[in-house]
Structure formats: C-alpha cells, structure tokens
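> Fold the stuff below for me.
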Amino acid sequence: MGWVPSYAQGMMPTVAGDVEPAGASSHPWDVPTELVGASTVAQTLDLHVRYGEQVVRAGLVGPGYATGNGRLVTRQAVEALARRPARGAADLPPALVLRAGPPRWTGDHWAGIHSAMPDAAVAECALRWWAVATPSRLTGHLVVVAVAGFAVWVGRVQGHVRAAGRVGLVAARADHRDADAEQYYTSRLKLPRGAVTVRVGL
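Numbering: from 1, shown residues only. From the prediction side, this is the model:
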C-alpha cells in the first residue's frame, strides 16, 4: 500500500467532548485554547470551503485534532498561514508548480501531498505521474508541490522517468539555505487558474 496518512491509520484520536492532541496526555492544560474547523480556515484564507478542507488535510496548518464534529486545527496556525504575502509569477523564482491535493486513495495507490510525508513518499505520491513537456529542461530547477496556493514541498529536479505517456520527476528536497525555495515556502502563490502544472519563468 505504501505511505498511509496518519488520519487513515487512525492515529488522529476521535474524542467526545474535549479535544485531545494525538500523542499528548489528556490533561486539560495540554489542550489548545482555540480550535477551528475547515469553514473558518476557508474564511480566514478567503478560500472556498473545499479548499479550506484541503489545507487542513495537507497539514499546512499543523497537526489535526479530531472530534465528533470533524478535524480541527489551531487558529494561531491558520492566522500564520494567512499572513504569507501573495506573490505572482513575476515575483517568484523559476519553478515547475504541481497543483496537488491532500493524500487520497485512488484504488491502488496513495496520491497527493502532506507536510509530514517523508521524501520517499513524496516521490511515490506527489511527483508522479504528470503531463509535463520537455522534462529534461527542468533538471536543476525547483519543483513545487502546492495545495490551494500554498507550497507544501519544494525540491530541485535531478531527472525524470516516463511511463504510459506520463512523467515522474526525480527530485531532492531543497536545502533550508536555498533562498529561491524559501520564497515559495513563505508565499501565497497567485498563479493562473486552470492547469494542474504551471511553469513559472521556465
């Protein structure tokens, strides 16, 4: 089956009444002071509620807390994401942006991206299989896996493989000292709508 997201493994607890962080004690002083749901996430980020849910499920606003009413996150994390400045293609370094969603089971494998994914899982679930023209020209450039306009994972392309007319990118996570990658991690991406792959400056 490969990588399985924590919420599919039952690692996010479901509790009645009080909300309990996964892996933490149940003492009341350990519970975050303010938790919000996907609708508040969407409203704060000015997104459709469907994309607010994607932001939560992709781990962009930290770990989730499960209750009988659904998955919740801290308001502080949502507000931090909302403070990211919006940048369009003209203000961003060259990169291939892959518009993905949170992890989902396709019937035979997991596809999508989550902030907690190890790099091997990113390669398996998020970097393949895309319709990408002239992939050889991407070597050395950034590849950005984004959800709802926010970068979840940024790497540098090292090569590619092909299968059934689609391309799987081989990439290494960008070093924390990579200033170009940091621009993606700290921005809200305002890119043309429509295409699932967007070339920025390439």
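> CA only for contacts and neighbour counts going forward, please
OK.
> those helices in this structure, which residues are they?
Remark: helices assigned in the chain by DSSP state H are 38-45, 49-57, 75-82, 119-125, 179-185.
> So what touches the third one?
Right, the one you point to is helix 75-82. Outside helix 75-82, the residues that touch it by CA atoms under 8 Å, 6 or more residues apart in numbering are Glu34, Leu35, Val36, Val41, Thr44, Leu45, Leu60, Val61, Gly62.
> For it, the averaged confidence score.
Mean pLDDT, helix 75-82: 93.
> Just the C-alphas of that helix, formatted as PDB.
Output in PDB follows, covering the C-alpha atoms of helix 75-82 (Å, rounded to 0.1, in the frame of the first residue of the first chain):
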ATOM      1  CA  ARG A  75      -6.500  29.400  15.000                       C
ATOM      2  CA  GLN A  76      -2.900  30.500  15.500                       C
ATOM      3  CA  ALA A  77      -1.600  28.200  12.700                       C
ATOM      4  CA  VAL A  78      -4.300  29.400  10.300                       C
ATOM      5  CA  GLU A  79      -3.600  33.100  11.000                       C
ATOM      6  CA  ALA A  80       0.100  32.500  10.400                       C
ATOM      7  CA  LEU A  81      -0.600  31.000   7.000                       C
ATOM      8  CA  ALA A  82      -2.900  33.900   6.200                       C
END
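> Report the contact partners of the spatially most central residue of the chain.
By CA atoms, centre = their mean, the chain has its centre lying nearest to Val152, at 3.6 Å. Residues near Val152 by CA under 8 Å, 6+ apart: Ala58, Leu60, Ile113, His114, Ser115, Val144, Val145, Ala146, Tyr185.
> what bits of the protein have low per-residue confidence?
Within the chain, the stretches with pLDDT under 70 are 1-33, 69.
> If we use 50, what do you get?
Residue ranges of the chain with pLDDT under 50: 1-3, 7-29.
> hang on, the earlier thing: show me which of the contacts of helix 75-82 is closest to Asp175.
Lowest distance from Asp175 to the contacts of helix 75-82 (CA to CA) belongs to Leu60, with 19.2 Å.
> Quick check, that closest one in contact with Ser115.
Yes: counting by CA atoms under 8 Å, Ser115 is a contact partner of Leu60 at 6.4 Å.
> Compare neighbour counts for these two and give me the winner.
Between Leu60 and Ser115, counted using other CA atoms under 10 Å, the more crowded position is Leu60 (24 against 17).
> one step back: columns distance to Pro192 on top of the contacts of helix 75-82, output as a markdown table?
Formatted as a markdown table, those follow (distance: CA to CA, whole Å):
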| residue | distance to Pro192 |
| --- | --- |
| Glu34 | 35 |
| Leu35 | 32 |
| Val36 | 30 |
| Val41 | 23 |
| Thr44 | 22 |
| Leu45 | 18 |
| Leu60 | 21 |
| Val61 | 24 |
| Gly62 | 27 |
